[in-house]
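Trainee: generate a structure from the sequence data that follows.
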Amino acid sequence: MDKNRMCFRLWGKNALFTDPITKIGGEKFSYPIPTYQALKGIVESIYWKPTLIWVIDRVRVIKPIKTQSKGIRPLTPNGNTLSLYTYLSDVEYQCEAHFVWNLIRKDLATDRNENKHSCMMRRMLDKGGRRDIFLGTRECQGYVEPCVFGEGEGAFDQVEEVSFGVMLHGLNYPDETGRDCLEARLWQPVMKKGVVEFIAPEDCQLLRKLKPMNMKSFRQGQNLESIDELLSKEELQ
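Mentor: Below is the predicted model:
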């Protein structure tokens, strides 16, 4: 396997990959499959640095797609609102992703060490992630472990094709695009024999500008330290 590639099993009791259209009325309804952005957030919870960008290649749906509705009392001024949230129930996936260097971040060029990031990534995956894993929302706890993509049986292995219509693909942030705005990407995913192959973010033709946004800057000696500086400090201690 390539040094910059990660494959992991992802599972949990519930998931809520929210369809943004359903938020308008104060209630939430989950997409039937994880979005590119949700999986990217999970991968970044396993391991992430601003030096790199994670690219989600594909996801395999292992368990049947089932939904469960729950009455939720959201935090509102009057405190008497009851909303209906529809979650995915008992989910399991296999996901494959790889990282590429963030060429927009020229201030982090000295940190482009593939072997270093690969070793740290695998250690974090073995430990279940650097940060907590959430399946779409904070109330949906998830778990990860290394796996071999395609291994084992899946509920949709014999299903030739399933189309899910127009879905949210993900978000474009300024530190990845160089543009001073936050954008939403849309696409039309198709699952073939349980596997959804994601198109690259730059290949999404449907873009919507959401709001102005600027990327954070990193400066050597101010909010950025090289590995040599850190090693020198440890030696002095």
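Trainee: from here on, contacts and neighbour counts on C-alpha atoms
Mentor: Noted.
Trainee: just for the protein, where's the confidence low?
Mentor: For the chain, the stretches with pLDDT under 70 are 1, 76-79, 218-237.
Trainee: centre of the chain to stretch 35-47, how far?
Mentor: Computed by C-alpha atoms, centre = their mean, to the nearest Å, the separation of stretch 35-47 from the middle of its chain amounts to 2 Å.
Trainee: do stretch 68-76 as well
Mentor: Relative to the centre of its chain, stretch 68-76 is centred 24 Å away, using C-alpha atoms, centre = their mean.
Trainee: what comes into contact with that stretch?
Mentor: Stretch 68-76 has contacts (C-alpha atoms under 8 Å, 6 or more residues apart in numbering) with 79-89.
Trainee: angles on the backbone of residue 36, please.
Mentor: When read as degrees, to the nearest 10, the backbone of residue 36 gives phi -60, psi -40.
Trainee: list the contacts for the residue nearest the centre of the chain?
Mentor: Of all residues in the chain, the one closest to the mean position by C-alpha atoms, centre = their mean is residue 40, 1.9 Å from it. Listed by C-alpha under 8 Å, 6+ apart, the contact set of residue 40 reads 54-56.
Trainee: so where does it fall, helix or strand?
Mentor: helix 36-46 (DSSP states H and E).
Trainee: ok, longest helix in this structure?
Mentor: Assignment by DSSP state H gives helix 114-126 as the longest helix of the chain.
Trainee: so which residues of the chain form helices?
Mentor: Using DSSP H, the helices of the chain run over 36-46, 114-126, 174-177, 227-236.
Trainee: of all the ones you listed, which lies closest to residue 192?
Mentor: helix 36-46 (16.5 Å; C-alpha to C-alpha).
Trainee: okay, the angle between the closest one and helix 114-126?
Mentor: Per axes from the mean of the first three to the mean of the last three C-alpha atoms, to 10 degrees, the angle that helix 36-46 makes with helix 114-126 is 90 degrees.
Trainee: max-length strand in this protein?
Mentor: The single longest strand within the chain, with elements called by DSSP state E, is strand 83-101.
Trainee: counting by contacts, list what that strand packs against.
Mentor: On a contact count with 3 or more C-alpha pairs under 8 Å, 6 or more residues apart in numbering; DSSP states H and E, strand 83-101 meets strand 5-15, strand 28-29, strand 52-61, strand 67-72.
Trainee: tell me which residues of the third one are tucked away?
Mentor: I take that to be strand 52-61. 52-61 (16 or more other C-alpha atoms under 10 Å).
Trainee: kindly reformat those residues as TSV containing distance to residue 7.
Mentor: Shown next, in TSV, are the buried residues of strand 52-61 (distance: C-alpha to C-alpha, whole Å):
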residue	distance to residue 7
52	17
53	16
54	12
55	12
56	10
57	10
58	10
59	10
60	11
61	14
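Trainee: let me know how buried residue 70 is, in neighbour terms.
Mentor: Neighbour count of residue 70, defined by other C-alpha atoms under 10 Å: 11.
Trainee: check residue 126 too.
Mentor: Residue 126 has 14 neighbours, counted by other C-alpha under 10 Å.
Trainee: now swap in the one 5 residues further on and tell me
Mentor: When neighbours are defined as other C-alpha under 10 Å, residue 131 has 13 of them.
Trainee: go on, residue 160?
Mentor: 10.
Trainee: in contact with it, which residues?
Mentor: 192-193.
Trainee: what's the spacing between it and residue 151?
Mentor: Distance of residue 160 to residue 151, computed by C-alpha to C-alpha, to the nearest Å: 18 Å.
Trainee: with adjacent residues omitted, what lies nearest to residue 183?
Mentor: Nearest residue to residue 183, sequence neighbours excluded (C-alpha to C-alpha, 6 or more residues apart in numbering): residue 209, at 4.4 Å.
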